[in-house]
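**Q** Fold the following for me, if possible:
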Amino acid sequence: MSKTISVLIPTYNEEENVVPLSNALVEMFDTSLPQYLYEIVFIDNDSKDNTRPLLRGLCSRNPKIKAIFNAKNFGQFNSPYYGLMQTTGDCVVLLCADFQDPIEMIPKFVEEWENGSAIVIGQKIKSKEKRIMYFFRSIYYRMIKKMSDVEQIEHFTGFGLYDRAFIDVLKDLKDPTPFLRGIVAELGWKKKIIPYEQQKRRAGKTSNNFYRLYDAAMLGFTSYTKIGLRLATFIGFFAAAASIAMAIFYLVIKIVKWDEYSMGTASIAVGLFFLGAVQLIFIGLMGEYILSMNQRMMNRPLVIEEERINFDIDET
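**A** Modelled structure (predicted):
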(Lines give C-alpha, C1' and ligand atoms only; values in the text may rest on other atoms or scores of the structure.)
Protein backbone atom coordinates (compact mmCIF):
# COMPACT_ATOMS: atom_id res chain seq x y z
CA MET A 1 0.00 0.00 0.00
CA SER A 2 1.31 3.45 -0.92
CA LYS A 3 2.41 5.73 1.85
CA THR A 4 0.73 9.09 2.33
CA ILE A 5 2.60 12.38 2.69
CA SER A 6 0.83 15.29 4.35
CA VAL A 7 1.86 18.87 3.70
CA LEU A 8 0.79 21.42 6.31
CA ILE A 9 0.72 25.10 5.37
CA PRO A 10 -0.22 27.72 7.99
CA THR A 11 -1.71 30.87 6.44
CA TYR A 12 -2.53 34.40 7.47
CA ASN A 13 -3.37 36.94 4.75
CA GLU A 14 -1.74 34.93 1.95
CA GLU A 15 -4.24 35.54 -0.85
CA GLU A 16 -1.46 36.03 -3.42
CA ASN A 17 0.33 32.80 -2.54
CA VAL A 18 -2.10 29.99 -1.70
CA VAL A 19 -3.18 29.19 -5.27
CA PRO A 20 0.34 29.24 -6.84
CA LEU A 21 1.69 27.21 -3.91
CA SER A 22 -1.00 24.55 -4.11
CA ASN A 23 -0.49 24.27 -7.88
CA ALA A 24 3.27 23.94 -7.41
CA LEU A 25 2.82 21.23 -4.77
CA VAL A 26 0.39 19.21 -6.88
CA GLU A 27 2.81 19.38 -9.82
CA MET A 28 5.72 18.39 -7.57
CA PHE A 29 3.88 15.31 -6.29
CA ASP A 30 2.80 14.31 -9.80
CA THR A 31 6.31 14.59 -11.26
CA SER A 32 8.78 13.95 -8.41
CA LEU A 33 6.81 11.76 -5.95
CA PRO A 34 4.20 9.93 -8.07
CA GLN A 35 4.48 6.76 -5.97
CA TYR A 36 3.01 8.48 -2.90
CA LEU A 37 -0.48 9.51 -1.95
CA TYR A 38 -0.71 13.00 -0.53
CA GLU A 39 -2.88 15.56 1.20
CA ILE A 40 -2.31 19.32 1.35
CA VAL A 41 -3.69 20.88 4.53
CA PHE A 42 -4.03 24.63 4.95
CA ILE A 43 -4.73 25.98 8.43
CA ASP A 44 -5.84 29.58 8.28
CA ASN A 45 -5.36 31.81 11.31
CA ASP A 46 -8.34 34.13 10.71
CA SER A 47 -7.12 35.89 7.56
CA LYS A 48 -8.68 39.27 6.81
CA ASP A 49 -8.12 39.22 3.05
CA ASN A 50 -9.35 36.88 0.29
CA THR A 51 -7.39 33.84 1.52
CA ARG A 52 -10.38 31.84 2.78
CA PRO A 53 -12.54 32.14 -0.36
CA LEU A 54 -9.53 31.06 -2.42
CA LEU A 55 -8.96 28.06 -0.15
CA ARG A 56 -12.62 27.07 -0.47
CA GLY A 57 -12.20 27.15 -4.23
CA LEU A 58 -9.08 24.99 -4.09
CA CYS A 59 -10.82 22.46 -1.85
CA SER A 60 -13.85 22.28 -4.12
CA ARG A 61 -11.67 21.47 -7.13
CA ASN A 62 -9.32 18.99 -5.47
CA PRO A 63 -10.40 16.68 -2.60
CA LYS A 64 -6.73 16.16 -1.69
CA ILE A 65 -6.59 19.80 -0.59
CA LYS A 66 -8.06 20.34 2.87
CA ALA A 67 -8.56 23.44 5.01
CA ILE A 68 -9.06 24.33 8.66
CA PHE A 69 -10.36 27.80 9.49
CA ASN A 70 -9.59 29.01 13.01
CA ALA A 71 -12.27 30.98 14.85
CA LYS A 72 -9.70 33.71 15.59
CA ASN A 73 -5.99 34.30 15.35
CA PHE A 74 -4.42 31.96 17.89
CA GLY A 75 -0.84 33.04 17.27
CA GLN A 76 2.09 31.95 15.17
CA PHE A 77 2.93 28.88 17.29
CA ASN A 78 -0.39 27.32 18.28
CA SER A 79 -1.89 27.17 14.80
CA PRO A 80 0.92 25.22 13.04
CA TYR A 81 1.30 22.88 16.02
CA TYR A 82 -2.42 22.13 16.06
CA GLY A 83 -2.40 21.68 12.29
CA LEU A 84 0.33 19.06 12.50
CA MET A 85 -1.88 16.96 14.75
CA GLN A 86 -4.80 17.12 12.29
CA THR A 87 -2.90 15.56 9.42
CA THR A 88 -3.31 11.88 8.53
CA GLY A 89 -0.19 11.04 6.51
CA ASP A 90 2.63 8.66 7.37
CA CYS A 91 4.76 11.79 7.57
CA VAL A 92 4.08 15.53 7.57
CA VAL A 93 5.97 18.31 5.82
CA LEU A 94 5.59 21.74 7.41
CA LEU A 95 6.33 24.76 5.23
CA CYS A 96 5.36 28.41 5.05
CA ALA A 97 2.91 29.77 2.49
CA ASP A 98 5.10 32.52 1.02
CA PHE A 99 7.57 30.33 -0.97
CA GLN A 100 10.48 31.15 1.35
CA ASP A 101 10.70 27.43 2.06
CA PRO A 102 11.65 25.85 -1.31
CA ILE A 103 9.28 23.01 -2.18
CA GLU A 104 12.00 21.29 -4.21
CA MET A 105 13.44 20.28 -0.83
CA ILE A 106 10.48 17.98 -0.16
CA PRO A 107 11.73 15.04 -2.32
CA LYS A 108 15.07 15.28 -0.48
CA PHE A 109 13.26 15.19 2.85
CA VAL A 110 11.25 12.14 1.76
CA GLU A 111 14.39 10.34 0.60
CA GLU A 112 16.06 10.81 3.98
CA TRP A 113 12.85 9.77 5.73
CA GLU A 114 12.78 6.54 3.73
CA ASN A 115 16.42 6.01 4.75
CA GLY A 116 15.37 5.94 8.40
CA SER A 117 15.37 9.54 9.67
CA ALA A 118 12.23 10.20 11.72
CA ILE A 119 12.81 13.96 11.48
CA VAL A 120 14.33 15.71 8.47
CA ILE A 121 14.70 19.46 8.82
CA GLY A 122 15.90 22.33 6.72
CA GLN A 123 18.50 24.66 8.16
CA LYS A 124 19.07 28.08 6.64
CA ILE A 125 22.70 28.66 5.77
CA LYS A 126 21.89 31.66 3.59
CA SER A 127 18.90 33.90 3.20
CA LYS A 128 17.66 36.38 0.64
CA GLU A 129 15.86 38.30 3.36
CA LYS A 130 17.30 41.58 4.66
CA ARG A 131 20.85 41.10 5.87
CA ILE A 132 20.22 42.98 9.09
CA MET A 133 17.38 40.58 9.99
CA TYR A 134 19.52 37.54 9.23
CA PHE A 135 22.31 39.04 11.35
CA PHE A 136 20.06 39.60 14.37
CA ARG A 137 18.53 36.13 13.99
CA SER A 138 22.03 34.64 13.98
CA ILE A 139 22.89 36.44 17.22
CA TYR A 140 19.65 35.26 18.84
CA TYR A 141 20.12 31.61 17.82
CA ARG A 142 23.70 31.56 19.07
CA MET A 143 22.72 33.18 22.35
CA ILE A 144 19.91 30.69 22.98
CA LYS A 145 22.16 27.80 21.99
CA LYS A 146 24.80 28.82 24.54
CA MET A 147 22.32 29.54 27.32
CA SER A 148 20.04 26.53 26.87
CA ASP A 149 20.41 23.18 28.58
CA VAL A 150 18.99 21.67 25.38
CA GLU A 151 21.06 21.63 22.19
CA GLN A 152 19.25 24.12 19.98
CA ILE A 153 19.29 24.16 16.17
CA GLU A 154 20.46 27.42 14.64
CA HIS A 155 18.38 28.98 11.86
CA PHE A 156 15.68 26.34 12.09
CA THR A 157 12.19 27.71 11.44
CA GLY A 158 10.16 24.51 11.63
CA PHE A 159 10.49 23.74 7.92
CA GLY A 160 10.96 20.00 7.64
CA LEU A 161 9.46 16.52 7.58
CA TYR A 162 8.14 14.75 10.68
CA ASP A 163 7.32 11.06 10.94
CA ARG A 164 3.89 10.01 12.20
CA ALA A 165 5.45 8.57 15.36
CA PHE A 166 6.79 12.03 16.23
CA ILE A 167 3.40 13.64 15.54
CA ASP A 168 1.84 11.15 17.97
CA VAL A 169 4.33 12.27 20.61
CA LEU A 170 3.31 15.90 20.02
CA LYS A 171 -0.29 14.93 20.74
CA ASP A 172 0.71 13.54 24.13
CA LEU A 173 2.67 16.63 25.21
CA LYS A 174 -0.43 18.76 25.83
CA ASP A 175 1.60 21.96 25.82
CA PRO A 176 -0.72 25.02 25.52
CA THR A 177 2.19 27.24 24.43
CA PRO A 178 4.21 24.96 22.16
CA PHE A 179 7.55 26.09 20.74
CA LEU A 180 8.06 23.52 17.99
CA ARG A 181 11.65 24.52 17.21
CA GLY A 182 12.66 23.82 20.79
CA ILE A 183 10.58 20.65 21.06
CA VAL A 184 12.25 19.18 17.97
CA ALA A 185 15.67 19.83 19.52
CA GLU A 186 14.63 18.73 23.01
CA LEU A 187 13.06 15.33 22.38
CA GLY A 188 16.24 13.87 20.95
CA TRP A 189 14.83 12.00 17.98
CA LYS A 190 17.16 11.00 15.21
CA LYS A 191 17.39 14.03 12.94
CA LYS A 192 18.79 14.68 9.51
CA ILE A 193 19.63 18.32 8.80
CA ILE A 194 19.69 19.51 5.20
CA PRO A 195 21.04 23.02 4.52
CA TYR A 196 19.23 25.36 2.16
CA GLU A 197 19.04 28.99 1.09
CA GLN A 198 15.90 30.77 2.19
CA GLN A 199 14.17 32.50 -0.71
CA LYS A 200 12.52 35.90 -0.82
CA ARG A 201 8.82 36.13 -0.14
CA ARG A 202 7.04 35.59 -3.44
CA ALA A 203 4.23 38.12 -2.87
CA GLY A 204 2.40 39.96 -0.13
CA LYS A 205 3.71 41.34 3.13
CA THR A 206 4.94 39.39 6.10
CA SER A 207 2.77 39.51 9.22
CA ASN A 208 5.86 39.56 11.40
CA ASN A 209 6.49 42.76 13.28
CA PHE A 210 8.57 43.73 16.29
CA TYR A 211 5.97 42.41 18.74
CA ARG A 212 5.67 39.02 17.01
CA LEU A 213 9.43 38.62 16.74
CA TYR A 214 9.85 39.63 20.39
CA ASP A 215 7.14 37.16 21.40
CA ALA A 216 8.92 34.36 19.53
CA ALA A 217 12.26 35.29 21.06
CA MET A 218 10.91 35.41 24.61
CA LEU A 219 9.03 32.12 24.25
CA GLY A 220 12.24 30.39 23.22
CA PHE A 221 14.18 32.20 25.95
CA THR A 222 11.80 31.41 28.82
CA SER A 223 11.09 27.83 27.67
CA TYR A 224 14.67 26.65 27.33
CA THR A 225 16.95 28.83 29.45
CA LYS A 226 17.42 29.55 33.15
CA ILE A 227 19.98 32.26 32.57
CA GLY A 228 17.50 35.13 33.00
CA LEU A 229 16.65 34.22 36.57
CA ARG A 230 20.23 33.30 37.44
CA LEU A 231 21.49 36.54 35.91
CA ALA A 232 19.04 38.54 38.02
CA THR A 233 20.40 36.88 41.16
CA PHE A 234 24.06 37.37 40.24
CA ILE A 235 23.67 41.00 39.20
CA GLY A 236 21.59 41.64 42.33
CA PHE A 237 24.43 40.35 44.51
CA PHE A 238 26.96 42.34 42.50
CA ALA A 239 24.91 45.56 42.70
CA ALA A 240 24.41 45.08 46.45
CA ALA A 241 28.13 44.50 47.01
CA ALA A 242 29.02 47.52 44.86
CA SER A 243 26.53 49.70 46.76
CA ILE A 244 27.94 48.64 50.14
CA ALA A 245 31.49 49.27 48.93
CA MET A 246 30.54 52.72 47.63
CA ALA A 247 28.74 53.55 50.87
CA ILE A 248 31.80 52.60 52.93
CA PHE A 249 34.08 54.57 50.59
CA TYR A 250 31.98 57.73 50.82
CA LEU A 251 31.65 57.36 54.59
CA VAL A 252 35.42 57.07 55.06
CA ILE A 253 36.10 60.04 52.78
CA LYS A 254 33.51 62.14 54.60
CA ILE A 255 34.93 61.26 58.04
CA VAL A 256 38.52 61.96 56.98
CA LYS A 257 37.71 65.18 55.13
CA TRP A 258 34.55 66.31 56.87
CA ASP A 259 34.77 69.98 55.93
CA GLU A 260 36.41 69.57 52.52
CA TYR A 261 34.29 66.83 50.97
CA SER A 262 30.68 67.46 49.99
CA MET A 263 28.56 64.41 49.34
CA GLY A 264 26.19 66.14 46.91
CA THR A 265 23.16 64.55 45.31
CA ALA A 266 24.58 63.61 41.90
CA SER A 267 26.25 60.39 43.03
CA ILE A 268 23.19 59.39 45.05
CA ALA A 269 20.84 60.05 42.11
CA VAL A 270 23.04 58.10 39.71
CA GLY A 271 23.16 55.15 42.07
CA LEU A 272 19.40 55.19 42.61
CA PHE A 273 18.63 55.39 38.89
CA PHE A 274 21.08 52.57 38.17
CA LEU A 275 19.64 50.25 40.79
CA GLY A 276 16.10 51.20 39.78
CA ALA A 277 16.82 50.37 36.15
CA VAL A 278 18.36 47.00 37.07
CA GLN A 279 15.34 46.15 39.20
CA LEU A 280 12.84 47.08 36.49
CA ILE A 281 14.70 45.07 33.84
CA PHE A 282 14.71 41.92 35.91
CA ILE A 283 11.18 42.37 37.21
CA GLY A 284 10.13 42.46 33.56
CA LEU A 285 12.24 39.40 32.77
CA MET A 286 10.80 37.45 35.70
CA GLY A 287 7.37 38.56 34.53
CA GLU A 288 8.04 36.85 31.19
CA TYR A 289 8.81 33.58 33.00
CA ILE A 290 5.68 33.95 35.14
CA LEU A 291 3.57 34.71 32.06
CA SER A 292 4.90 31.57 30.38
CA MET A 293 4.09 29.50 33.48
CA ASN A 294 0.62 31.04 33.74
CA GLN A 295 -0.25 30.23 30.14
CA ARG A 296 0.80 26.62 30.64
CA MET A 297 -1.20 26.23 33.85
CA MET A 298 -4.39 27.58 32.23
CA ASN A 299 -4.23 24.64 29.79
CA ARG A 300 -6.52 26.24 27.25
CA PRO A 301 -7.05 24.63 23.83
CA LEU A 302 -4.47 25.40 21.17
CA VAL A 303 -7.09 26.40 18.61
CA ILE A 304 -10.86 26.68 18.27
CA GLU A 305 -12.01 25.64 14.80
CA GLU A 306 -14.65 27.55 12.92
CA GLU A 307 -14.77 25.25 9.89
CA ARG A 308 -12.93 22.38 8.26
CA ILE A 309 -13.21 21.28 4.64
CA ASN A 310 -12.63 17.90 2.91
CA PHE A 311 -11.66 16.03 6.07
CA ASP A 312 -14.64 13.69 5.69
CA ILE A 313 -13.73 12.79 2.11
CA ASP A 314 -11.79 9.66 1.23
CA GLU A 315 -9.76 10.90 -1.73
CA THR A 316 -8.08 7.54 -2.32
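
**Q** In the stretch 1-150 of the chain, what residue spans correspond to strands?
**A** All strands of the stretch 1-150 of the chain, identified by DSSP state E, counting those that start in this stretch, fall at 4-11, 37-44, 65-70, 91-94, 119-127.

**Q** between those, which gets the lowest average pLDDT?
**A** Mean pLDDT across the strands of the stretch 1-150 of the chain is lowest at strand 119-127; the value there is a mean of 86.

**Q** What residues sit buried inside stretch 118-127?
**A** 118-124, 127 (16 or more other C-beta atoms under 10 Å). (Glycine included, C-beta is placed from N, CA and C.)

**Q** Dump the strands of the stretch 1-150 of the chain into a markdown table; add distance to Tyr196 as well.
**A** Putting the strands of the stretch 1-150 of the chain into a markdown table (distance: least, C-beta to C-beta, whole Å) gives the following:
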| stretch | distance to Tyr196 |
| --- | --- |
| strand 4-11 | 17 |
| strand 37-44 | 21 |
| strand 65-70 | 25 |
| strand 91-94 | 13 |
| strand 119-127 | 5 |
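
**Q** Mind pulling up the pLDDT for Ile248?
**A** 76.

**Q** Look up how far Ile255 lies from it.
**A** 11 Å (C-beta to C-beta, to the nearest Å).

**Q** same deal with Ile244?
**A** Distance from Ile244 to Ile255, by C-beta to C-beta: 17 Å.

**Q** now Val7
**A** 77 Å.

**Q** Ok, Tyr196 next?
**A** In this view, Tyr196 and Ile255 are 69 Å apart by C-beta to C-beta.

**Q** quick one: Pro195 and Gln123 touch, right?
**A** Yes: Pro195 is in contact with Gln123 according to C-beta atoms under 8 Å; the separation is 5.3 Å.

**Q** what's the weakest-modelled helix or strand in the chain?
**A** In the chain, the helix or strand scored least confidently by mean pLDDT, DSSP states H and E is helix 210-224, which has a mean of 56.

**Q** Find the nearest non-adjacent residue to Val18, please.
**A** Distances taken as C-beta to C-beta, 6 or more residues apart in numbering put Leu54 closest to Val18, at 5.3 Å, once the chain neighbours are dropped.

**Q** what's the answer for Pro178, then?
**A** Using C-beta to C-beta, 6+ apart and skipping the chain neighbours, the partner closest in space to Pro178 is Tyr81 (4.3 Å).

**Q** In contact with that neighbour, which residues?
**A** 170, 178, 180, 302 (C-beta atoms under 8 Å, 6 or more residues apart in numbering).

**Q** Show only the entries of those found in helices.
**A** Secondary structure defined by DSSP state H assigns 170, 180 of those to helices.

**Q** can I get the contacts of Tyr81 in JSON lines with neighbour count and distance to Asn50?
**A** JSON lines is the format used below for these (neighbours: other C-beta atoms under 10 Å; distance: C-beta to C-beta, whole Å):
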{"residue": "Leu170", "neighbour count": "20", "distance to Asn50": "31"}
{"residue": "Pro178", "neighbour count": "21", "distance to Asn50": "29"}
{"residue": "Leu180", "neighbour count": "19", "distance to Asn50": "28"}
{"residue": "Leu302", "neighbour count": "20", "distance to Asn50": "26"}
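
**Q** distance of Lys257 from Gly182?
**A** Distance from Lys257 to Gly182, by C-beta to C-beta: 58 Å.

**Q** now do Asn13
**A** Per C-beta to C-beta, Asn13 is found 26 Å from Gly182.

**Q** Next: Phe156.
**A** From Phe156 over to Gly182 (counting by C-beta to C-beta), the distance is 10 Å.

**Q** same question, Leu8
**A** Leu8 is 19 Å from Gly182, by C-beta to C-beta.

**Q** Would you mind telling me which of those two has the busier surroundings?
**A** Leu8 (27 against 19; other C-beta atoms under 10 Å).

**Q** bridging residues for that one?
**A** Counting by DSSP bridges, Leu8 forms beta bridges with Val41, Leu94.

**Q** any idea how far it is from Lys257?
**A** Distance of Leu8 to Lys257, computed by C-beta to C-beta: 74 Å.

**Q** now swap in Val26 and tell me
**A** Computed as C-beta to C-beta, the Val26 to Lys257 distance reads 86 Å.

**Q** do Val169 as well
**A** Taken as C-beta to C-beta, the span from Val169 to Lys257 is 70 Å.
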